[in-house]
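Enquirer: no sequence on this one, just coordinates:
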């Protein structure tokens, strides 16, 4: 009984995935492309960096990078606290 | 963790420096080529992991200090936040060095990548800061976990 329910659920889920994959629009043609066009057109002029991806990561979305660095720092603090020597 | 055979140790001695140099290359060229602080830091930290695997944690701890790595990690994160605050005259995370003609201030050539290192404003400095932070963070994680495994093994044997 459990296997039948799981099988039906799997088939439903998989068919939804296949249908949505078939209905996907072609790669590289998004609906809203104003931000992309702005970045591609102006990023090199505004930030002076040739690598547009880095100029987005470190300049336009610097907050995101700050959060990533903080997450890494917190992970290190947690691991050092977990593996510390406990004196009896 | 015991150290591995002589073949592995010799190859480690040969390759170790090149891995670290490649990591710093990816960090420093972050504003020109694919990569950046996070990727280059991970590459350089993989050299520490290689050292730890081939030599064992007891020998590695002698010349790769956890305290030094934690100092560099804090320095990297602090430099990153200070650079973000320095642009506060206009906005947080403003690129105040770009296109000024001074430090990292050349205008980038539009079109094919000319490979001019002196461009990008704050971005190369931030890349170096984040790279230093990621390098030492992953190094500290690997070192601390290896010494913890050593400690539990000693305790189980006794």
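Expert: Arrived safely. Just so it is clear, the structure is predicted and the values come from calculations on it, not from any experiment. Numbers count the residues shown, from 1 in each chain, chains lettered A, B, ... in the order given.

Enquirer: who touches residue B:99 in this structure?
Expert: Residue B:99 sits next to A:48, B:105-107, B:121 when contact means CB atoms under 8 Å, 6 or more residues apart in numbering or on different chains. Yep, even glycine has a C-beta here, placed from its N, CA and C like the rest.

Enquirer: ChimeraX command to pick out the buried ones of those?
Expert: Buried residues within the contacts of residue B:99, as defined by 16 or more other CB atoms under 10 Å in any protein chain shown, are selected in ChimeraX through the command that follows:
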select /A:48 /B:105,106,121
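
Enquirer: okay if I get the contacts of residue B:99 as TSV plus pLDDT, distance to residue B:152 and secondary structure?
Expert: Converted to TSV, those look like this (pLDDT from 0 to 100; distance: CB to CB, whole Å; DSSP: H, G, I helix; E, B strand; the rest coil):
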residue	pLDDT	distance to residue B:152	secondary structure
A:48	80	51	coil
B:105	75	53	coil
B:106	77	54	strand
B:107	76	57	coil
B:121	80	48	coil
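
Enquirer: so which of the contacts of residue B:99 comes closest to residue A:85?
Expert: Minimum separation from residue A:85 among those (CB to CB) is found for residue B:121, which lies at 44.4 Å.

Enquirer: residue contacts, the closest residue to the closest one other than its chain neighbours?
Expert: Once flanking residues are discounted, residue B:121 sits nearest to residue B:98: 3.0 Å by CB to CB, 6 or more residues apart in numbering or on different chains. With contact set as CB under 8 Å, 6+ apart, residue B:98 has these partners: A:46-49, B:104-105, B:120-123.

Enquirer: same check on residue A:79?
Expert: The neighbourhood of residue A:79, defined by CB under 8 Å, 6+ apart, consists of B:140-141, B:144-145.

Enquirer: in helices, which of those residues fall?
Expert: If you go by DSSP state H, the contacts of residue A:79 have B:140-141, B:144-145 in helices.
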